[in-house]
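**Q** Structure, please.
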Amino acid sequence: MSKSKDFKEKNTIEDSVIAGYAAQETMKLPGVIRMAPGIAESFSRNILGRITETQGVHVNDEDGKVTVDIHIIAAYGVNIPQLSYDIQNRVKKIIERETGISVEAVNICIEGVEKSR
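**A** Got it, this is the predicted structure:
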């Protein structure tokens, strides 16, 4: 079950909504081949057959400080520092614009590199 964030005392926003925005914005960038699942996601996909749209994104809220961890497979030859910077900026901007929640950090984990298909 995902946690909810208080939003202007009336509404709540689920972690899955925040993760959805992050995944969509990340996949729009050239140089991102696909999202990479974490260990728990790999387990549920391989054993239980579950696949989620927010695979590769983890949202954490500690004392009102929201951080987003994004795990990706990058395209071979892409400038990884620039790609990471672009993902961080786009994800932070879209989450803050669409939800009103302040994002403390967006952490990018490059799980691998593959040639583009």
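**Q** Could you use CA atoms for every contact and neighbour count after this?
**A** Noted.
**Q** Tell me where the model's unsure across the chain.
**A** 1-12, 38-54, 117 (pLDDT under 70).
**Q** outside of the lengthiest helix in it, which residues touch it?
**A** If you go by DSSP state H, the chain has its longest helix at helix 80-99. Helix 80-99 is contacted by residues 7, 13, 18, 21-22, 25-26, 29, 31, 74, 101-103, 105-108 when judged by CA atoms under 8 Å, 6 or more residues apart in numbering.
**Q** If we use 7 Å, what do you get?
**A** 18, 21-22, 25-26, 101-103, 106, 108 (CA atoms under 7 Å, 6 or more residues apart in numbering).
**Q** From those residues, keep the buried residues only.
**A** 18, 21-22, 25-26, 101, 103, 106, 108 (16 or more other CA atoms under 10 Å).
**Q** if you look at those residues, which of them are in strands?
**A** Members of the buried ones among the contacts of helix 80-99 lying in strands (criterion: DSSP state E): 103, 106, 108.
**Q** In CSV: those residues, plus distance to P37.
**A** Shown next, in CSV, are these (distance: CA to CA, whole Å):
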residue, distance to P37
V103, 22
V106, 16
I108, 13
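**Q** thinking again about what came up before, can I get the longest helix of the chain in CSV, CA atoms only?
**A** Coordinates of each C-alpha in helix 80-99 appear next as CSV, following Å, rounded to 0.1, in the frame of the first residue of the first chain:
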residue,chain,number,x,y,z
ILE,A,80,25.4,10.2,-18.8
PRO,A,81,26.0,13.3,-16.6
GLN,A,82,23.9,15.5,-18.9
LEU,A,83,21.2,12.9,-19.2
SER,A,84,21.0,12.6,-15.4
TYR,A,85,20.8,16.4,-15.0
ASP,A,86,18.0,16.6,-17.6
ILE,A,87,16.0,13.9,-15.9
GLN,A,88,16.5,15.6,-12.5
ASN,A,89,15.3,18.9,-13.8
ARG,A,90,12.3,17.6,-15.7
VAL,A,91,11.1,15.3,-13.0
LYS,A,92,11.4,17.9,-10.2
LYS,A,93,9.6,20.5,-12.4
ILE,A,94,6.7,18.3,-13.4
ILE,A,95,6.1,17.0,-9.9
GLU,A,96,6.1,20.4,-8.3
ARG,A,97,4.0,21.9,-11.0
GLU,A,98,1.3,19.2,-11.1
THR,A,99,1.1,18.4,-7.4
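**Q** Appreciated, that's everything.
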